[in-house]
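K.L.:
Fold the following for me, if possible:
(2 chains)
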There are 2 protein chains.
Amino acid sequence: MSAPNRATLWGRVLVDELSKGGLEAVCISPGSRSTPLTVAFAEHEGIDVYSHLDERSAAFFALGRARRTGEPTALVCTSGTAAANFHPAVMEADRARVPLLVLTADRPHELRDSGANQTIDQVKLYGDAVRWYAELPDPEADERKVRSLRTTAARALAETTGVEPGPAHLNCPFRKPLEPLEVPDADPDSFAETLAGRGRDGAFVETAAGERTLANDQYRPLVRALEDAGRPLIVAGPADPADLTELEPAAVVAVAERVGAPILADPLSGLRFGPHLGDDPGDGPVYGGYDAYVDELPEPDVVVRVGASPTSKPLRHALRDADALQFLLDPAGGWREATFTATDLFAAAPGDVFEGLRERLEAEAGANSTGGETEAEWLAAFDDAERRHWEIRDEALEADTLESEPFEGAILADVFTHAPDPATVFVSNSMPIRDADRFARPRAADLTVLANRGASGIDGIASTALGAGSATDEPLVLVTGDLAFFHDSNGLLAVDRCGVDATIVLLDNDGGGIFHKLPIEGFEPPFTDQFKTPHGLEFESLAEFHNLEFERVAPADFADAYRDSLERAGTQVLAVDFDSEASHRRRDALEERVRDGIRDGGE
Amino acid sequence: MSAPNRATLWGRVLVDELSKGGLEAVCISPGSRSTPLTVAFAEHEGIDVYSHLDERSAAFFALGRARRTGEPTALVCTSGTAAANFHPAVMEADRARVPLLVLTADRPHELRDSGANQTIDQVKLYGDAVRWYAELPDPEADERKVRSLRTTAARALAETTGVEPGPAHLNCPFRKPLEPLEVPDADPDSFAETLAGRGRDGAFVETAAGERTLANDQYRPLVRALEDAGRPLIVAGPADPADLTELEPAAVVAVAERVGAPILADPLSGLRFGPHLGDDPGDGPVYGGYDAYVDELPEPDVVVRVGASPTSKPLRHALRDADALQFLLDPAGGWREATFTATDLFAAAPGDVFEGLRERLEAEAGANSTGGETEAEWLAAFDDAERRHWEIRDEALEADTLESEPFEGAILADVFTHAPDPATVFVSNSMPIRDADRFARPRAADLTVLANRGASGIDGIASTALGAGSATDEPLVLVTGDLAFFHDSNGLLAVDRCGVDATIVLLDNDGGGIFHKLPIEGFEPPFTDQFKTPHGLEFESLAEFHNLEFERVAPADFADAYRDSLERAGTQVLAVDFDSEASHRRRDALEERVRDGIRDGGE
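P.N.:
Model (predicted):
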């Protein structure tokens, strides 16, 4: 490895080290100060480079890719406000535990607060939202400094995938020349070996990262509680990327079946869809319709929770109100339980804990043939409610009904029912993820369902979806509302620039439909002007601007148009118009019918 | 003042106090947690409310308005990543000293890092970029707390316009109900007087903010230096909003004429345009063409500098290389001089210093009739160079020449020559501001020329311009390149939602033309893919998406189309296509001709 000057050398060593450490993709926005990084990434053959014009969208694209793969994606920008545009995605990466390596170019140290152009204070720019922050020294062709550079790069990458994965930030000052121009005094031949790394595959410093596993006696309270439980429940909330790869659904199912516990599986849990499921809903052990009925069923007495806080508010409230032992399994020991009802926190990898539980429960069952204390009607109540829920949903989805009473949940139902196997489905925040939670029926298909539930913003949605799609050959579906679609309109450029195809389902209710669910609906003004904010935008011209096919589809025709789009190449926007207020009323009415059905069934 | 519950009370008192303190405008993005603030702003009659769907654009709009008026604009967003979307504009406000009051709604304290939805760490979110950060306590109908709320609100507003104006951040936690629903125990009638404020006009705590003025003996070194100078120079860099209102051009001109100093006036200085100018360039005392010739003229021996670092790189380098006493006048005592050549920092309001200088120089001149030591050829060299510069520019602008050799600078020349009097002209970063610096000829018209030169990003450009336009009835012109236009495409929504009309001049060279000025141009790849980044976007459909008129104009026809647009209502996008490489060569050739002319003239 040689270089014509210090900055170029610095860039090349840094990028080489990141590649050796396993980095496979980077998102780059154009800029001058970042030239040494950009040039080094562009000339490195082992790293895919995605070019983005808007740093905010770039960061969400990188987030999406890292979320889909569980592997870090890097980000590069120039100095100044460019770096601040990364901030929303960095926050989401923090809360959602997505590995992201942020490389911000900076001007040399002495120019800070000097009045120099495009110079801001980038030191610890993202505060506590990053797992690690470091600032590189001035580039120098010096053996010790190059060793420190390789070590720092290896560490930054490792920090993104530590016990709690997340973003890391390297601030990288560079001085001119930034381009690969020859400068005579920069010859580093005297330490060619350090320059080239270790002369082996892998990082300059390899990381062997231990996993947190429970000792035998630490399992005991959980095993005992489950054995003694009359109404045990497993709740799987939204999964982090690490959970998705680490948590083996078969182990969870085995434990659930052994103790007679329903698994309430968030659409983002990695458990609602997959070959571990039976063909008919209500056959257990995975339930998906709980949002509509959980508050009508008996309380659990023992709850095992994995993942983040569930999307379903009725479920969160049911857990809050239950008089139960609640075990929270979290690989990073995060206290992610905002109703403050957890009684026991297990800081260990959930996949490992479920494996351990399975073994121990089997061993105990062998020694003691009673097989648990589960109340007979406990599982039956869930089976019955789940069956009623999907029956009533299916009636609402019939073509005649949909034509006279269109509602947004029907589209989410179709999206999941007709998604190809396998597929990646990205669901926007606000109403789409809530409707996915309610109306996406468990399926044996291999669906990877993703959303930005770390901070639950409606920013960066298209970019995150396209980033996720960039990492897989599976069909990609994005379901978004009109406000989120508008918010990240710039993200659509990645369809063309990054070569990602998608079926984009646009639920267009002309504003913030979710506000109809809130008491503010009753206060007019300011409800329409400041909350619902109808905008009247015609997204067809936006699609044209980005060279996307655009089709306006009636709710009753959606399923056909959707299947058709999934069979075609290119990116189609399927826009379905709704009146959000009417849709909201129909959603409420459906829930009421499920509740009535359960009450009648119980009488 | 009464309220149905604590959150509503809190919102109403806060907004009432801000209004009493002088706040006149707020930009609001829809969200639920911010409901108490949004409702209170919407129901307050004394504050203009601008509704925005994208928080990033909202923040730049607020920045633009505050930049144009010099008065604080408030921002409201919900909790979560929304607040991070404000970050780029907060950084620009910090560096550019623009008063901005950021109100971020937050979830209650106990939910932080609890796994609760849409909850991030918003404490000190913008780091050192704000002049003041405070967190409000939980709302309570308690007299002492309401007094603290009024005091905190009054202070936050005052902090935005302190010695160094800039952003302030109030983080505002709210708990449910967020809407104006009746809650029985919230009756605050017992302290109606505190609730209503002081029963007087104005803030709860009025601020009498003293100005930094120099004592007589502090003037002495500057007065002596100017009297003794052989080649005195006044350099006016980009002005802060406070400078624009405080610095009286007549005082600067009087000092310049008294001591025989040319004033090199950045287009953003507030001095290049205005009635203080004579009708012919080169008649002094204000010079605008220096970028092309300053490095060909003699060095100054005394320099007085106001404003931020000049846009012109040749000027910055000439100042760096001069063997001169350099006096830096800065109202906030900021050390904004990135070449480290300032010898004396005067922490005092420049307008006040120039008034003081005028008086003292007149008094000294009365006592001592020599009238300064200025070298005879010093001013003549500037006059001559300035005249040649505009002659050569005018030749290049002739219709025939433009048709065969179009170049981007010609558009900037036209924009300023044909701008109505008065007008507000907002110029994007990257090439437009540099071409404005070179080709905008000093005029006696009242042009307010603005740009985001604090951090010099290409983000938020359209929003900042429209925000500036929202504060004035003058015609608004925005000059932007295609990358900046794309970056803030969402900002165009403000044309419709906020009712601001503009003439948008879009210099479309399909990518980052500025990179042709840098050595990276010689490295292909990655020059085109990662730096120039041509995108092929057809902005006509983007204009259609936002209901803007769109016209593609040839460079030679631009002046007519521009004047026509300025006479029409509505917002027109005038797109002028350029080949950035050819345009760059022509710009270089023009500069070379000016240099040659000066050298020939000097021989």
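K.L.:
residues of the worst-scoring helix or strand of chain A on mean pLDDT that come out buried?
P.N.:
Lowest on mean pLDDT, DSSP states H and E among the helices and strands of chain A sits helix A:192-195, with a mean of 80. By 16 or more other C-beta atoms under 10 Å in any protein chain shown, the buried positions in helix A:192-195 come out as A:Thr194, A:Leu195. From N, CA and C alone the C-beta is placed, and that goes for glycine too.
K.L.:
residues making contact with it?
P.N.:
A:Met1, A:Ser2, A:Leu9, A:Val13, A:Glu143, A:Val146, A:Arg147, A:Arg150, A:Pro188, A:Gly199 (C-beta atoms under 8 Å, 6 or more residues apart in numbering or on different chains).
K.L.:
swap the cut-off to 10 Å and go again
P.N.:
A:1-3, A:9, A:12-13, A:16, A:141-147, A:149-150, A:188-189, A:199, A:204 (C-beta atoms under 10 Å, 6 or more residues apart in numbering or on different chains).
K.L.:
Out of those, which sit inside helices?
P.N.:
A:Leu9, A:Arg12, A:Val13, A:Asp16, A:Glu143, A:Arg144, A:Lys145, A:Val146, A:Arg147, A:Leu149, A:Arg150 (DSSP state H).
K.L.:
who's in contact with whichever residue of the stretch 151-300 of chain A sits closest to chain B?
P.N.:
Minimum separation of the stretch 151-300 of chain A from chain B (C-beta to the nearest C-beta) falls at A:Glu179, amounting to 4.3 Å. Applying C-beta under 10 Å, 6+ apart to A:Glu179 gives the contacts A:4-5, A:7-8, A:32, A:35-36, A:39, B:518-523, B:527, B:531.
K.L.:
Secondary structure element holding it?
P.N.:
A:Glu179 is part of no helix or strand, with elements assigned from DSSP states H and E.
K.L.:
Skip ahead from the least confident helix or strand of chain A and say which helix or strand is next.
P.N.:
helix A:216-228.
K.L.:
Show me what that next one is packed up against.
P.N.:
On a contact count with 3 or more C-beta pairs under 10 Å, 6 or more residues apart in numbering or on different chains; DSSP states H and E, helix A:216-228 meets strand A:232-236, helix A:249-259, strand A:302-306, strand A:325-329, strand A:344-346, helix A:350-367.
K.L.:
Name the next helix or strand downstream of the longest one, please.
P.N.:
I take that to be helix A:350-367. helix A:376-397.
K.L.:
Return the set of buried residues in that next one.
P.N.:
Within helix A:376-397, judged by 16+ other C-beta under 10 Å, the buried ones are A:378-379, A:381-390, A:392-393, A:396-397.
K.L.:
do the same with stretch A:462-477
P.N.:
Within stretch A:462-477, the residues that count as buried by 16+ other C-beta under 10 Å are A:462-472, A:474-477.
K.L.:
ok, these vs chain B, which is closest?
P.N.:
A:Thr464 (11.5 Å).
K.L.:
What strand or helix carries that closest one?
P.N.:
Short version, using DSSP H and E: A:Thr464 is in helix A:461-469.
K.L.:
Name the next helix or strand following that helix along the chain.
P.N.:
strand A:476-481.
K.L.:
Output that next one as CSV, nothing but the C-alphas.
P.N.:
Presented in CSV, the C-alpha positions along strand A:476-481 are these (Å, rounded to 0.1, in the frame of the first residue of the first chain):
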residue,chain,number,x,y,z
LEU,A,476,-39.1,-5.5,-1.5
VAL,A,477,-42.4,-4.0,-0.4
LEU,A,478,-42.8,-0.6,1.2
VAL,A,479,-46.0,0.4,2.9
THR,A,480,-46.2,4.1,3.7
GLY,A,481,-48.7,6.9,4.4
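K.L.:
Please tell me I have it right and A:Leu222 contacts A:Leu345.
P.N.:
No: the criterion here is C-beta atoms under 10 Å, and A:Leu222 misses it with A:Leu345 at 11.3 Å.
K.L.:
quick one: common contacting residues for those two?
P.N.:
Each of A:Phe327, A:Leu329 lies in contact with both A:Leu222 and A:Leu345 under the rule C-beta under 10 Å, 6+ apart.
K.L.:
Could you measure from the residue sitting furthest away from the middle of chain A over to A:Lys176?
P.N.:
Most distant residue from the mean C-alpha position of chain A: A:Pro184, 48.1 Å away (C-alpha atoms, centre = their mean). Distance from A:Pro184 to A:Lys176, counting by C-beta to C-beta, to the nearest Å: 15 Å.
K.L.:
swap in A:Asp564?
P.N.:
54 Å.
K.L.:
helix/strand/coil for A:Pro314?
P.N.:
Recorded secondary structure, A:Pro314: helix (DSSP: H, G, I helix; E, B strand; the rest coil).
K.L.:
who's in contact with it?
P.N.:
Applying C-beta under 10 Å, 6+ apart to A:Pro314 gives the contacts A:Tyr290, A:Asp291, A:Ala292, A:Tyr293, A:Val294, A:Asp295, A:Glu296, A:Asp437, A:Arg438, A:Glu591.
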